[in-house]
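K.L.:
Provided below are the primary sequence and the corresponding predicted coordinates.
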Amino acid sequence: MKIEKENISLSQLLTLLINFLLGSAIVVGVGGDAKNDAWLAILLGGLIGIGIITFFHFFIYRFPDKNMFQVFEFCIGRKITIVCTLIYIVYYLYISSRVIRDFGELMATAILPNSPIEMMSLTFCLLMGYILYLGIEVLARTSEIFTPYLFGFFLLLAIFLFASGSLEFKQLQPILGEGVMPVIKTAFTELAFFPYGEMIAFSVIYASLTNKKYSLRVSIVGVGTATLILSVSAILMIVSLGADSVARSNFPLLSTARLVSIGNFIERLDALVVFIIMLGVFIKGSLFFYAGLKGLEYIFKLPYRYFAIPISMIISLFSILVSVDFADHIQEGIKMVPYYLHFPFQVVLPLILFLLVMWKQRKIKSKRKGEQDGTEQTKSSFIKETNKN
Amino acid sequence: MAPSRPNRRLLKKPIKIEDKLRNTEKKVEEKKESFDLTVETLPSEVINAFGNSADIKMIEGIISERNVKILFLESMVDSTSLKETTSKFLSSISPIGEYLKNIDELSAYCKGIFGGASYKIVSSKDESIHEIINGSVVIVVEHIDKALAVNIMNGEKRSVAEPTSQTVIRGPKDAFIESISTNVSLIRRRIRNKNLRFEQYTIGEDTQTTVYLGFFKGIANEAIIQEVRNRLKKIKVSAIFESGNIEELIADKTFTLFPLALNTERPDTVAANLMEGKMVILIDGTPFALIVPAVFVNFFESPEDYYQSFFLGSFLRMIRYLSFMIALLTPSIYVGVLTYHHELLPTTLLLSVIAQREGIPFPAVVEVLVMEITFEILREAGVRMPRVVGQMVSIVGALVIGQAAAEAGIISNIMIIIVSITAIANFVSPIYSFATASRLLRFLLIFFAAILGLYGVLLVLVAMVAHLAALRSFGVPYLAPIAPFIIEDQKDVFVRFPFWNMKKRPKYIRSESEQKVFSASPPSPSSMKGGNTS
């Protein structure tokens, strides 16, 4: 079997990162616990996010051409890795179906109230399956094309909100009215996992990057930009709706967009917002999907494209089955997922593995030092071992 | 492998001549030494090979007591030069005749008679048949075991005229014609450089069509040239008539609505593209040339963008992108908004639309489909119908289908606006074959708008962009300067920068030499400033 090498450029990585982080975070709104300091919490969360991406980067770049699962294999051998990979696949596909559910709920409640949510989920997943069947390169290029529109629409939305006079900046006050604790708590318990910790899905993407020299810089810029957009959107929501309404609203950005009214002509910019949301959700869902597919590729040693369409149908089904209704879905997302899924998969397992990698590499290094006088053959076998694909 | 495959092919074919031709070809290869070329046998064999076709002719004569036979296809040779040639050749009563011992002397002798026409010495039956097909007369002289082929193919062709499908206001007004040699000369006259190369291919097992691959050596990327060569060589079909045939056979992917090669009938477009590092494929018998590799943005470029001021050029280009979107999206957005998203319309507009649609018996999607399909029928009729009845379509189309249908309450007035803006926007595309994409995708979009509203439209759009992103034209990503994003190439995508600023050739073509503009500064009258002091 020949697994083809795919290439992703730096600008594509940037757009993928931005869309990924906006993804479902912009649908449901994040940092709500910090009330009208949500934007501060998001900024703080962004700093954590930069830390997280630097760590993943540092971790994955010990083996520039390997994806996460191949790094696992280096640490713990193929057999145990297969078990780990299976668990990770389930995690990735579960998160993917949760993301699709977020979007499906948005569509079914706000945009197409009379259409069944199954229809949204099915069509959306088919599209994701089609694009991943075409390859991650195509996904990257698609995101590259649509991202400028995303920025444009976001800017338009901000301008229109400002122009229609529905912004009251007083609502941001009092800043840090309840001290810094709520902000810090929100940043560390909520935002660190969602959306920033989810960047673990990128650990399968870095291997296909063409220009690795600047990738850390670009990743940090990407996280920074996404944080800024999230923060600005949080400010927009708070100053137009007020912190209480934001907390009560299911889809605060959509509610905000509905306030726009200029000259009785430019009204109800739902379409713009849905576009922003759809693109983000699409990229995010697809990236988790892709991470899962890569895991399957590792286990079965078959090109991941073979799995794209069937797995997309599974995601579609599970996006309906994961929860009975929207309230249940959100509850699960707040109470269960961060502690039982995000924490172990984003923090515990990677950290353990990182330590293992450090330990193992040091061992090999010292072994090599010991055998410095040995034949050339051992040296080359070491190189082979570390570079084994 | 070799012997079994051609035999199987031949069994299916009704034409016997080909059969014979190929068998003899094999024989010749096997025993090259034996010549089957004598004045007694060759003519009858050739005539037999043509199956005594009505237009194969033979002239017999005698020069200094030797039999001479001249074979040709009446339909392929120029009749005046034929008369001249044969009369000169046969009437030369000669002392020269004695010297005509071998083929070299014959050819030297003929040079004197025929002047600049092109010659070939042929030594087998198949070669002579090939030459006769290509418009030569074959002269066989007794006692000489080779024959002489003199090409006097008739030059019947229409003269160079104005382009009919790709017109400009300012710019050259000549277009390609059906003769490949004229087309090459139209290009060569614009690029007088020894590095402009043309390679000849003969494609079509049965039609033997001449195809030229042209490129500028030193600018065009060698790897891409090699790829084009390989694909041209791989073509094994019976017949080739038009550039469209070749396009489908060499394109990277056939299951796409988007053309992967640019077709043009303008020599200036071809010349400009050659200088950018692209390749041109010319096919004998058609005025359309193919330019490869072609990417998405090339289909929005008109040669006029570069002849008019760059402000206008940029503006027109943006208009073209806009009208592509209009042609693609207007009907589906209409359906989507009217069926699912009334709230997106401002109240007054919504009221007027609803008031218009009050008496209409159909849902929006039926209305749109009826009108779009009617329009497509009108359009096809307009293209195919005899010119004599040409006025009919416009009268019937505009009056009966448009106004009357609205007055009769079958469709709403706004629907007529939608259909006409869509149609007009569709005609903006400078390359006609590209408009088919928006023309066909429109129906898919209408369908999805009818079942999923604007969400469906967005889905199809994303799928379309993904499909485009997956396409390649001869290895070049189809969305090239946009995705993958190449910042240097943006000077000639959505806008056109002034010439002095576009210093490099587009990066996505991977040109061998990038520099395009050699003087780096904008033109300025600085030396003239302050009068003539020096």
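P.N.:
Good, I have the coordinates.
K.L.:
which residues does the closest residue to chain A within the stretch 101-250 of chain B contact?
P.N.:
Proximity of the stretch 101-250 of chain B to chain A (Cβ to the nearest Cβ) peaks at residue B:223, 17.0 Å away. In short, each C-beta sits where N, CA and C put it, glycine included. Taking Cβ atoms under 8 Å, 6 or more residues apart in numbering or on different chains, we find residue B:223 in contact with B:475, B:510.
K.L.:
just the pLDDT for it.
P.N.:
Residue B:223 carries a pLDDT value of 93.
K.L.:
near chain A, which residues of chain B?
P.N.:
By the rule Cβ under 8 Å from any Cβ of the partner chain, the part of chain B lying against chain A is B:340-341, B:343-344, B:346-348, B:452-456, B:458-459, B:462-463, B:465-467, B:469-470, B:477, B:479, B:482-485.
K.L.:
if we go to 7 Å?
P.N.:
B:340, B:343-344, B:346, B:452-455, B:458-459, B:462-463, B:465-466, B:469-470, B:479, B:482-485 (Cβ under 7 Å from any Cβ of the partner chain).
K.L.:
so where's chain B uncertain?
P.N.:
Scanning chain B for pLDDT under 70 picks out B:1-37, B:64, B:92-102, B:114-117, B:519-534.
K.L.:
likewise chain A?
P.N.:
A:1-4, A:371-389.
K.L.:
what parts of it come near chain B?
P.N.:
Within chain A, the positions adjacent to chain B are A:9, A:11, A:107, A:111-112, A:123, A:127, A:130-131, A:134, A:138, A:141-142, A:144-145, A:264-265, A:267-268, A:270-271, A:275, A:278, A:282 by Cβ under 7 Å from any Cβ.
K.L.:
right, and residue B:257 touches residue B:441 too?
P.N.:
Yes: if you go by Cβ atoms under 7 Å, residue B:257 and residue B:441 touch, sitting 6.2 Å apart.
K.L.:
tell me which element the residue of the stretch 101-250 of chain B closest to chain A falls in.
P.N.:
If you go by DSSP states H and E, residue B:223 is part of helix B:222-234.
K.L.:
dump the strand or helix carrying residue B:354 to PDB, restricted to CA.
P.N.:
Using DSSP H and E, residue B:354 sits within helix B:347-356. Taking C-alpha atoms only, helix B:347-356 is exported to PDB below (Å, rounded to 0.1, in the frame of the first residue of the first chain):
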ATOM      1  CA  THR B 347     -40.700  44.400   4.200                       C
ATOM      2  CA  THR B 348     -41.600  46.700   1.300                       C
ATOM      3  CA  LEU B 349     -39.700  44.600  -1.200                       C
ATOM      4  CA  LEU B 350     -41.300  41.500   0.200                       C
ATOM      5  CA  LEU B 351     -44.800  43.000  -0.100                       C
ATOM      6  CA  SER B 352     -44.200  44.000  -3.700                       C
ATOM      7  CA  VAL B 353     -42.900  40.500  -4.600                       C
ATOM      8  CA  ILE B 354     -45.700  38.800  -2.900                       C
ATOM      9  CA  ALA B 355     -48.300  41.000  -4.500                       C
ATOM     10  CA  GLN B 356     -46.900  40.100  -7.900                       C
END
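K.L.:
returning to what we had before: which PyMOL command selects the buried ones in the residues of chain B next to chain A?
P.N.:
Command for PyMOL, covering only those of the residues of chain B next to chain A found buried under the criterion 16 or more other Cβ atoms under 10 Å in any protein chain shown:
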select buried, chain B and resi 340+344+452+453+454+455+458+459+462+463+465+466+469+470+479+482+483+484+485
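K.L.:
coming back round to it: which of the residues of chain A next to chain B fall in strands?
P.N.:
Within the residues of chain A next to chain B, residues falling in strands by DSSP state E are residue A:267.
K.L.:
which of the residues of chain A next to chain B are buried?
P.N.:
Listed as buried from these are A:9, A:11, A:107, A:111-112, A:123, A:127, A:130-131, A:134, A:138, A:141-142, A:144-145, A:267-268, A:270-271, A:275, A:278, A:282; burial here means 16+ other Cβ under 10 Å.
K.L.:
what's near enough to touch the residue of the stretch 1-150 of chain A found nearest chain B?
P.N.:
Relative to chain B, the nearest point of the stretch 1-150 of chain A is residue A:141 (3.7 Å; Cβ to the nearest Cβ). Shown in contact with residue A:141 (Cβ atoms under 7 Å, 6 or more residues apart in numbering or on different chains): A:12, B:469, B:479, B:483-484.
K.L.:
ok, which pair from those is furthest apart?
P.N.:
Maximum pairwise distance among those (Cβ to Cβ): 12.0 Å, between A:12 and B:479.
K.L.:
the stretch 1-150 of chain B: helices as residue ranges?
P.N.:
B:4-12, B:16-30, B:41-49, B:79-91, B:103-114, B:125-133 (DSSP state H, counting those that start in this stretch).
K.L.:
got the CA coordinates for the fourth one in PDB?
P.N.:
Once non-C-alpha atoms are left out, helix B:79-91 reads as follows in PDB (Å, rounded to 0.1, in the frame of the first residue of the first chain):
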ATOM      1  CA  SER B  79      -5.200  21.800 -60.400                       C
ATOM      2  CA  THR B  80      -3.200  24.700 -61.900                       C
ATOM      3  CA  SER B  81       0.100  23.600 -60.500                       C
ATOM      4  CA  LEU B  82      -0.800  20.100 -61.500                       C
ATOM      5  CA  LYS B  83      -1.300  21.100 -65.100                       C
ATOM      6  CA  GLU B  84       2.000  23.100 -65.000                       C
ATOM      7  CA  THR B  85       3.900  20.300 -63.400                       C
ATOM      8  CA  THR B  86       2.800  17.500 -65.600                       C
ATOM      9  CA  SER B  87       3.000  19.400 -68.800                       C
ATOM     10  CA  LYS B  88       6.500  20.700 -68.000                       C
ATOM     11  CA  PHE B  89       7.600  17.300 -67.000                       C
ATOM     12  CA  LEU B  90       6.200  15.300 -69.800                       C
ATOM     13  CA  SER B  91       6.900  17.800 -72.600                       C
END
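K.L.:
show me the contacts of residue A:141 that map onto helices.
P.N.:
Among these, the members found in helices (DSSP state H) are A:12, B:469.
K.L.:
which of the contacts of residue A:141 lies closest to residue B:433?
P.N.:
Closest to residue B:433, out of all of the contacts of residue A:141 and judged by Cβ to Cβ, is residue B:479, at 17.9 Å.
K.L.:
the closest one is in contact with residue B:469, isn't it?
P.N.:
Yes: the pair residue B:479 / residue B:469 is scored as a contact, 5.5 Å apart, by Cβ under 7 Å.
K.L.:
before we move on, the earlier item: distance between the helix holding residue B:223 and the chain's centre?
P.N.:
17 Å (Cα atoms, centre = their mean, to the nearest Å).
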